[in-house]
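K.L.:
Fold the following for me, if possible:
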Amino acid sequence: YVLVKCPDGMHAIHFRDGKMRNDQLLDASRERVLRRLYSDASYTTPPAKELGEWLSGKDIDTNKVFVNALALVMKQHAVKLDGDTVERAYANYTADKTNTKELAYALDALSKSEHAAVNCWAAIWLISRMDRMSFNRETRQYDMPDLQAVDAQAFYENVFYAVKAREELPWGHAASDNDFLQFVLSPRGSGEPLQRWRRHMWDALSPEVVNFTRDDMPKAIEIANHAYGDYFQYEGDTTWEDFGMLTSLAVHEGRCEDCSNVLNIMLWTLGIPACQAYTPWWGHADGNHAWTWVRGAGAVPGDGINGVKVYVKTWDGKEDVTKEYSPVTQVRLSTGVRDGTTAKLMVWNSDDWREIAQATAGKGEVVFENVGCRLNFALLMRVPSEVDRIADVRTDGSVRWMNLAEIGKESGEAFTAALDAKCALGEFAMDKAYALQVYTNDGWKDVASERTDTGGMSFAAHPDRLYRITGEGINARPFTVEMGAGGELVILVR
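P.N.:
Numbers count the residues shown, from 1 in each chain. Next up, the predicted model:
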């Protein structure tokens, strides 16, 4: 990764395996940001003087520190903590494996810094959610909870500079308290190792927004977008484990979740509430996706508009935001299970049915709300001790139920489905073998088909059956077939 001065200006160029992957022409502001991002100034400058007791190793009364910090919050009216948050924070703070002394050093320093009451408010809220934060290893064998891994300087700087952005940048208070706590204060994006990134990013980005007004928030978002895009890019063939945010400066590329994490911290640094939206599994293709979303700033990103379900990650659980991305419908089914039983909504993805949502049975039915229907989807409903059911969800929001009976127990008369060599599913090869399958309560079952003289395939079809074809050149996703109003064959790929 190099900066190159060229006749037309400064370029940031990324090479991988001897090949150029990215070339960004920089203006003066973007160059300044990059040079600061690759500076060690934030790490060679001494820590805040308020962290003196941590630096000296002096003993500290951890319980007294927590009580004093809480008292600071309670004495002012700008921010509030509910009783549940305080109880959760104290339980986490005093838990057996918590690095309580490190948290106490940081909390004590925050109570002596500028914006002290707001610092303590943010710090106590963050501690209350830290039992849900951890570095997640792929094998899970060496996962490290944040309450155990936390150190005083990293915690202090994360809270101090998040609050500084809220209190001192002109758009800082445009975010609600909840959005600030969830989508600005957060020290991590997902399951990456904790790193001391907040002050470093503040030192790199904040000089570019000096003298900005509240109306300049779109320009601040653009600065964050460039700071991310000038050195980082998507690459799917990387490690499963998320990497720390400072590590992004060395690796320069990652999966969609990594891309979102890196962009989010740039936005958080400037006090802009950015969340990670995601679909757990696509309903029309293999894989999944995650992306950055600044809610309330323009239209929703296009990344998730075709999702059956779209969620936002918060430290209080996932928030269903599907209806903000897509037209939605309701899928309702009758059931004989007892109230409170959990049912699953599933999509076909990567050769299996994958869970994307849950609903609770009650009064003899299960209702899945806000199901995306921008595309035609075949969605499997799984209720314990009952046979699976598949809903055929159409783009007009209508829902019909597929026939999953064993082969030979079709409803209605069959019609001949003749597929051309080139069709909506792909292209058949004359010299290749293909298998036609139909989905039943016993899974996918082979059914009879014939190759046509033109290289395509024909079979006896029913409009309430779910089919798929396997073989070279053909999309193996499930599909339905039916006759259109003019007698034409209609194939709907799911």
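K.L.:
ok, which stretches of the stretch 201-350 of the chain are helices?
P.N.:
All helices of the stretch 201-350 of the chain, identified by DSSP state H, counting those that start in this stretch, fall at 217-229, 248-251, 256-269, 322-325.
K.L.:
Tell me which residues touch the closest residue to Ser134 other than its chain neighbours, please.
P.N.:
Excluding the flanking residues, the one nearest Ser134 by Cβ to Cβ, 6 or more residues apart in numbering is Pro145, at 4.5 Å. To be clear about C-beta, it is placed using only N, CA and C from the backbone, and glycine gets the same treatment. Each residue near Pro145 by Cβ atoms under 8 Å, 6 or more residues apart in numbering is listed here: 97, 130-131, 133-134.
K.L.:
Now do Pro145 against Ala122, distance only.
P.N.:
20 Å (Cβ to Cβ, to the nearest Å).
K.L.:
repeat for Tyr43
P.N.:
Noted for Tyr43: a distance of 23 Å to Ala122, by Cβ to Cβ.
K.L.:
Comparing those two, which residue is more hemmed in?
P.N.:
More crowded of Tyr43 and Ala122, by other Cβ atoms under 10 Å: Ala122, with 25 against 10.
K.L.:
And the more buried one, which helix or strand is it part of?
P.N.:
Here Ala122, judged by DSSP states H and E, is contained in helix 116-129.
K.L.:
ok, and what's touching that helix?
P.N.:
Identification of contacts with helix 116-129 by Cβ under 8 Å, 6+ apart yields 66, 69-70, 72-73, 75-76, 78-81, 85-86, 88-89, 92-93, 103, 106-107, 110-111, 113, 155, 158-160, 162-163, 166-167, 180-181, 185, 187, 315-316.
K.L.:
Now, these that are in helices?
P.N.:
When the contacts of helix 116-129 are checked against helices (DSSP state H), the matches are 66, 69-70, 72-73, 85-86, 88-89, 92-93, 103, 106-107, 110, 155, 158-160, 162-163, 166-167, 180-181.
K.L.:
Not counting residues beside it along the chain, what's closest to Leu270?
P.N.:
Excluding the flanking residues, the one nearest Leu270 by Cβ to Cβ, 6+ apart is Ala220, at 5.0 Å.
K.L.:
burial measure for the one you found, as a count.
P.N.:
Ala220 has 23 neighbours, counted by other Cβ under 10 Å.
K.L.:
From what I see, it and Ile272 are in contact.
P.N.:
Yes: under the criterion of Cβ atoms under 8 Å, Ala220 makes contact with Ile272 at 6.4 Å.
K.L.:
Quickly list what's touching both of these two.
P.N.:
The contact sets of Ala220 and Ile272 overlap at Trp171 (Cβ under 8 Å, 6+ apart).
K.L.:
Leu194 is nearest to which of the helices of the stretch 201-350 of the chain?
P.N.:
For Leu194, the closest of these is helix 256-269, at 12.5 Å, according to Cβ to Cβ.
K.L.:
and that closest one with helix 217-229, angle?
P.N.:
140 degrees (axes from the mean of the first three to the mean of the last three Cα atoms, to 10 degrees).
K.L.:
Packing partners of helix 256-269?
P.N.:
Using 3 or more Cβ pairs under 8 Å, 6 or more residues apart in numbering; DSSP states H and E, the elements in contact with helix 256-269 are helix 152-168, helix 198-205, helix 217-229, strand 233-234, helix 248-251, strand 275-279, strand 289-293.
K.L.:
gap between the residue nearest to Ser134 and Arg196?
P.N.:
Pro145 is 18 Å from Arg196, where distance means Cβ to Cβ.
K.L.:
Could you do Met144 as well?
P.N.:
Shown here: Met144 relative to Arg196, a distance of 15 Å by Cβ to Cβ.
K.L.:
quick one, which of the two is more surrounded?
P.N.:
Taking neighbours as other Cβ under 10 Å, Met144 and Arg196 compare with Arg196 leading, 20 against 13.
K.L.:
what sits against the spatially closest residue to the more buried one that is not a sequence neighbour?
P.N.:
Nearest non-adjacent residue to Arg196, counting by Cβ to Cβ, 6+ apart: Ala154, 4.3 Å away. Contact analysis of Ala154 by Cβ under 8 Å, 6+ apart lists 187, 194-196, 198.
K.L.:
Asp61 too?
P.N.:
Ala104.
K.L.:
can you check Asp303 too?
P.N.:
Per Cβ under 8 Å, 6+ apart, neighbours of Asp303: 277, 289, 291.
K.L.:
again, only this time at 10 Å
P.N.:
Applying Cβ atoms under 10 Å, 6 or more residues apart in numbering to Asp303 gives the contacts 256, 260, 277-279, 289-293, 310, 325.
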